[in-house]
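Trainee: coords please:
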Amino acid sequence: MLRRLLPLLILVLGVAAFLWLRATRPESASVTPEERSWRVETLVAMPGRHAPVLPLYGEVTAPEMLTVTAPLAGRIAERPVREGQRVARGERLVALDEADVRPPLAQAEAEVADRRAQLASERVRHDSDLSTLERERELLATANRQLERTRSLVGRNLASQSDLDAARNELARARVTVAARERAIAEHPARLEGLEAGLARASAALAAARRDAERSRVEAPFDGIVTRIRVAPGDQVAARSELLSVYPEEGLELRALIPRRHQAELLDALAGDVPLEASGEYGSRFVLVGLAGESDPAGTEAIFRLAAGGAELRPGSLLAVSLGRPPVPDSVPVPDSALYGNDALYLMDDAGRMRRLTVTRHGEVLRDDGERWALVSGEALGEGDRVITTHLPNAIQGLRVEAAETGDGERP
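Mentor: Model prediction:
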């Protein structure tokens, strides 16, 4: 009997012990859930006129580069300059041997002298023809009278038929001589014109020979830098062969491809005489002077003139520059971390919560410390607004945030 009741008794004691422990347990304190806040950095918005910059990559060119060519075939006698040398205006660059320059010049001078002699001879001949024609006409008249007398004598049987034939022949010869002389006098203007044309051609050839002789000794037309040297002293060159090139130090330009979406504002700035400058390495500063006359699907090349610095630049160099675009009113520079996409950022309101704001991005601005920030504007972005610059992956409207302490509690 006792064995049967013992398990039941143990079960009753266990249940009683559980009920006693449950009744005597301490009461747990109630926990109130607390909202988490995120620490962020902010900056105070100060809208104003800021000029965005456009990063460009272009090639330095020398549009005024002069290529010196040989005016005639000959040997190089002098080339006192070297590649990359700076030369002053009037300094000798290259010269051909005088032994190759003098013969063509002397030949051209002799041709002119010959043409002038022929022209003078023709004038003397014409004067002689005029004076001779008078005497020949007198002889013709005498032959004509002699023929009439001979006819009269033949009619009276005082002269023979052979005398009449001789008189006729003499008259015919006189007429032929007068006709030939008159033809020579009539052809004088044509012969004179032909000789004058020949003299003009010879004079033009002489002028070309003198020009080539002058160009055979080349001096720098401006202060510049020598490049593309093709010859050395002693080389034999053909006519119109390239010898060397020289370009002015102050005439460098930069040609950079402008995206199509920026062409309209640049054209408006050029039309309104608004100066736009681009800065690059070596302290170089360029001024926009125009756009290229041709384009391609990627855009149009902008032409910049070197205004200052850039003593180390050379044609063919590739250079990265930052072009200052027209200023944007009521715009605010912000770091890229403040943007979500290209058209939104968050403000921190007075209650410490994030407020989403749609903005327009206008490009980048270059700060004094060399850092690039995005330039944005928006109708609801006002002075004194606290822009959140810390990029939060979980950023949503109304998220609780608190400003990180950075001196004044705001990002400078």
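Trainee: what's the domain layout of the protein?
Mentor: Here the domain assignment for the chain is 39-50+328-403, 54-62+252-324, 66-96+219-246, 100-214, based on automatic domain parsing.
Trainee: helices along the chain, start to end?
Mentor: 2-23, 98-155, 161-186, 188-215, 263-271 (DSSP state H).
Trainee: and the longest one, how far from the chain's centre?
Mentor: Meaning helix 98-155. Mean-position distance between helix 98-155 and its chain equals 63 Å (Cα atoms, centre = their mean, to the nearest Å).
Trainee: cool, and stretch 362-372?
Mentor: 29 Å.
Trainee: got the buried residues for stretch 43-54?
Mentor: 43, 45, 47, 50-54 (16 or more other Cβ atoms under 10 Å). (Each C-beta comes from the backbone N, C-alpha and C, glycine too.)
Trainee: adding mean pLDDT, distance to Leu392 and mean neighbour count as columns, could you present the helices of the chain in CSV?
Mentor: Shown next, in CSV, are those (pLDDT from 0 to 100; distance: least, Cβ to Cβ, whole Å; neighbours: other Cβ atoms under 10 Å):
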stretch, mean pLDDT, distance to Leu392, mean neighbour count
helix 2-23, 69, 47, 9
helix 98-155, 87, 81, 14
helix 161-186, 84, 109, 15
helix 188-215, 91, 73, 15
helix 263-271, 85, 34, 14
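Trainee: who are the contact partners of the residue nearest to Gly280 when sequence neighbours are not counted?
Mentor: Leaving aside its chain neighbours, Gly280 sits nearest to Val321 (3.9 Å; criterion: Cβ to Cβ, 6 or more residues apart in numbering). Val321 is in contact with 55-58, 254, 256, 278-280, 284, 286, 304, counting by Cβ atoms under 8 Å, 6 or more residues apart in numbering.
Trainee: ok, Ala204 to Val101 distance?
Mentor: To Val101, Ala204 is 18 Å away according to Cβ to Cβ, to the nearest Å.
Trainee: ah, wrong one, I meant Gln146
Mentor: 67 Å.
Trainee: again, but for Glu35
Mentor: 96 Å.
Trainee: still on that earlier bit, turn the domains of the chain into JSON lines, columns for distance to Ala23.
Mentor: Output for these, formatted as JSON lines (distance: least, Cβ to Cβ, whole Å):
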{"stretch": "domain 39-50+328-403", "distance to Ala23": "42"}
{"stretch": "domain 54-62+252-324", "distance to Ala23": "77"}
{"stretch": "domain 66-96+219-246", "distance to Ala23": "102"}
{"stretch": "domain 100-214", "distance to Ala23": "126"}
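Trainee: closest one to Trp20 among these?
Mentor: domain 39-50+328-403 (46.5 Å; Cβ to Cβ).
Trainee: mind checking how far that closest one is from the chain centre?
Mentor: Worked out by Cα atoms, centre = their mean, domain 39-50+328-403 lies 41 Å from the chain centre.
Trainee: do stretch 90-103 as well
Mentor: 32 Å.
Trainee: residues touching that stretch, excluding its own?
Mentor: Residues contacting stretch 90-103 (Cβ under 8 Å, 6+ apart): 68, 70-81, 87, 212-213, 216-220, 226, 231, 237, 243-244, 246.
Trainee: would you mind writing the CA trace of it as PDB?
Mentor: C-alpha atoms of stretch 90-103 as PDB (Å, rounded to 0.1, in the frame of the first residue of the first chain):
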ATOM      1  CA  GLY A  90      66.000  87.500 -86.400                       C
ATOM      2  CA  GLU A  91      68.300  84.600 -85.300                       C
ATOM      3  CA  ARG A  92      69.600  82.400 -88.100                       C
ATOM      4  CA  LEU A  93      67.900  79.000 -88.300                       C
ATOM      5  CA  VAL A  94      69.300  77.400 -91.500                       C
ATOM      6  CA  ALA A  95      71.000  78.400 -94.700                       C
ATOM      7  CA  LEU A  96      71.800  76.700 -98.100                       C
ATOM      8  CA  ASP A  97      75.200  76.800 -99.700                       C
ATOM      9  CA  GLU A  98      75.800  79.900-101.800                       C
ATOM     10  CA  ALA A  99      77.300  77.700-104.500                       C
ATOM     11  CA  ASP A 100      73.800  76.300-105.100                       C
ATOM     12  CA  VAL A 101      71.900  79.600-104.800                       C
ATOM     13  CA  ARG A 102      74.000  81.800-107.100                       C
ATOM     14  CA  PRO A 103      73.800  79.900-110.500                       C
END
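Trainee: make residue 1 into 11 and carry on from there
Mentor: Right, with 11 as the first residue, what we last looked at is stretch 100-113.
Trainee: check contacts around the nearest residue to Leu181 once chain neighbours are set aside.
Mentor: Spatial nearest neighbour of Leu181, chain neighbours left out: Ala153 (4.1 Å); criterion: Cβ to Cβ, 6+ apart. Taking Cβ under 8 Å, 6+ apart, we find Ala153 in contact with 177, 180-181, 183-184.
Trainee: any idea how far Ala177 is from Ala153?
Mentor: Ala153 is 7 Å from Ala177, by Cβ to Cβ.
Trainee: equivalent analysis for Glu101, please.
Mentor: 86 Å.
Trainee: next: Leu106.
Mentor: 73 Å.
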